[in-house]
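>>> Predicted model, plus sequence, below.
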Amino acid sequence: MKPAGAPGRKPTGPPAGKKAALPAGAGGDGAPITLTRKDFATDQDVRWCPGCGDYAILATMQRLMPELGVPKEKTVFVSGIGCSSRFPYYMNTYGLHSIHGRAPAIATGLKASRPDLDVWIVTGDGDALSIGGNHLIHLLRRNVNVQILLFNNQIYGLTKGQYSPTSEQGKVTKSTPYGSVDHPFYPVPLALGADATFVARTMDRDPKHMQAIMRRAHSHGGAAFLEIYQNCNIFNDGAFFEFTERSTKAHSTIFLEHGKPLVYDNEQRGLRLNGFELESIDLSRGKWSVDDCLVYNEGSIELANIVSRMSWQEDLPRPFGVFFREDRPSYEELLEEQIEEITGKRGQGDLSALLNAGDTWMIGD
Ligand SMILES: Cc1ncc(C[n+]2csc(CCOP(=O)(O)OP(=O)(O)O)c2C)c(N)n1
Ligand code: SF4
């Protein structure tokens, strides 16, 4: 296993709230440079529609970056194709607007060859779960040490409003004029099923929560999967209003916190485990108290599975926060270890000798 600070670990910065300083001399005059949110913005025109939820996610990321303390030149945003995938243009870091659905493959290659880089993947529900579904699950099971931000707007935005793998059954769109008959993917249970080591959910309209969860995703030493509910106000407006708007948010959402009882609706309601089922209980009438509520444990895959699956039961609130987290060596840690071990035993390899070993043929004129 590598010591702390080795490639598998996320680069760490100053505590939350403190400004990040580049190493002395990075500014050319020997003095440390203090970065602010503005340092992470670019001069590019942002081409999202006015009112799109993507703006809030971008602003939150730009606010978070200085406190992470990772130098800009060590940070890379890799995206696929879609409105959300325009994100790297707007971050003043390295970035790659890549191929549809292939951000996980490109990020895996990048981390395998440059494990010192801090890599974020930005993807949409179409990009990550239609054309890129296969790539995503393999990145998760391998535990590549990157953060994956899945902007879920339950629609294809860039191509003007076709249904996506997360669109609900019955959804009427340009490509499903009579309503979708497809059963949707639920990204959180999907990531848990792929053995992701960090799985969380947040929403565009709660920047404080979003920033806190992004910070936690970043501090995780492995593949950190974060689903973000994102409003596409042009093609799927209001898909998540029940969870994001002040009038309904309290009784339709619950915020998971490790070691804390599952209470919601201004502590008027809670969740208890009844067999393998979760049950909503009224804490205001004396029959039940907070002591009857389930205490959340983000290290339990069993709880994570139960809580992630309750998301679509109408009488239960929608969970946000960290569903699951465990420590497991990252892909690049294991890869480095293996390379060191084999090189120690067999010496440096010779690519040309390898290519010319065994049967080779010359192609004639
Ligand atoms: C190989 C290929 N197939 C299809 C497309 C068309 N296409 C572009 S973006 C997209 C889906 C985008 O949806 P999503 O990932 O949800 O992102 P959003 O635009 O909603 O942010 C599709 C199907 C493409 N660009 N390339
Ligand atoms: S089409 Fe939707 S997702 Fe795309 S920029 Fe416009 S509002 Fe945002």
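Received it, and whenever you're ready, just let me know what you need. Ligands and ions are numbered 1, 2, ... in the order given.
>>> Tell me which stretches of the protein form strands.
Using DSSP state E, the strands found in the chain span residues 75-79, 94-97, 118-124, 147-152, 198-203, 224-229, 253-256, 263-264, 269-274, 277-282, 318-325.
>>> and of the ones you listed, who's closest to Glu298?
Nearest to Glu298 among the strands of the chain is strand 318-325 (5.0 Å), distances taken as Cβ to Cβ. Glycine gets a C-beta too; all of them are placed from N, C-alpha and C.
>>> Off-centre distance for the closest one?
Chain-centre distance of strand 318-325: 12 Å, with Cα atoms, centre = their mean, to the nearest Å.
>>> quick one, that strand and strand 224-229 angle?
On the basis of axes from the mean of the first three to the mean of the last three Cα atoms, to 10 degrees, strand 318-325 is oriented at 170 degrees to strand 224-229.
>>> quick one: contacts of strand 318-325?
Under the contact criterion Cβ atoms under 8 Å, 6 or more residues apart in numbering, strand 318-325 has outside partners 188, 192, 196-203, 206, 209, 213, 216, 220, 242-243, 252-258, 298-301, 304, 307-308, 310-311.
>>> So what are the sheet partners of that strand and their directions?
As defined by DSSP bridges, the strand partners of strand 318-325 come to strand 198-203 (antiparallel), strand 253-256 (parallel).
>>> Rounded mean pLDDT for it, please.
Confidence for strand 318-325, expressed as mean pLDDT, is 98.
>>> The stretch 1-150 of the chain: helices as residue ranges?
Listed from the start of the chain, the stretch 1-150 of the chain has helices (DSSP state H, counting those that start in this stretch) covering 54-68, 103-113, 125-126, 133-142.
>>> The third one vs ligand 2: in contact?
To tie it back to what came earlier, the one meant is helix 125-126. No. Judged by Cβ under 6 Å from any ligand atom, helix 125-126 stays clear of ligand 2, getting no closer than 10.4 Å.
>>> Tell me the gap between that helix and the middle of its chain.
Between the mean C-alpha location of helix 125-126 and the chain-wide mean there is a distance of 13 Å, by Cα atoms, centre = their mean.
>>> now Lys72: how far from Arg246?
Distance check for Lys72 against Arg246: by Cβ to Cβ, to the nearest Å, it reads 36 Å.
>>> the more surrounded of these two?
For Lys72 and Arg246, the more surrounded residue by other Cβ atoms under 10 Å is Lys72, and the numbers stand at 17 against 7.
>>> isn't that one right next to Thr36, touching?
No. Contact status for Lys72 versus Thr36: not in contact, 11.9 Å apart, counting by Cβ atoms under 8 Å.
>>> shouldn't His97 be in contact with Ser84?
No. Counting by Cβ under 8 Å, His97 sits too far from Ser84 to count as a contact (10.8 Å).
>>> Please give the number of neighbouring residues around Ser284.
For Ser284, the number of neighbouring residues by other Cβ under 10 Å comes to 11.
>>> Now do it, the pLDDT please.
Each residue has a pLDDT score; the one for Ser284 is 97.
>>> Quick check: closest non-adjacent residue to it.
With Cβ to Cβ, 6 or more residues apart in numbering as the measure, Gln268 is the residue that lies nearest to Ser284, at 4.9 Å, once sequence neighbours are left out.
>>> could you show me where the helices are in the stretch 201-350 of the chain, in order?
Assigned by DSSP H, counting those that start in this stretch, the stretch 201-350 of the chain shows helices spanning 207-219, 241-244, 246-252, 301-309, 331-346.
>>> Residue numbers of this structure in contact with ligand 2?
With Cβ under 6 Å from any ligand atom as the criterion, the chain comes near ligand 2 at residues Trp48, Cys49, Cys52, Asp54, Cys83, Asn153, Gly157, Leu158, Cys232, Asn233, Ile234, Phe235.
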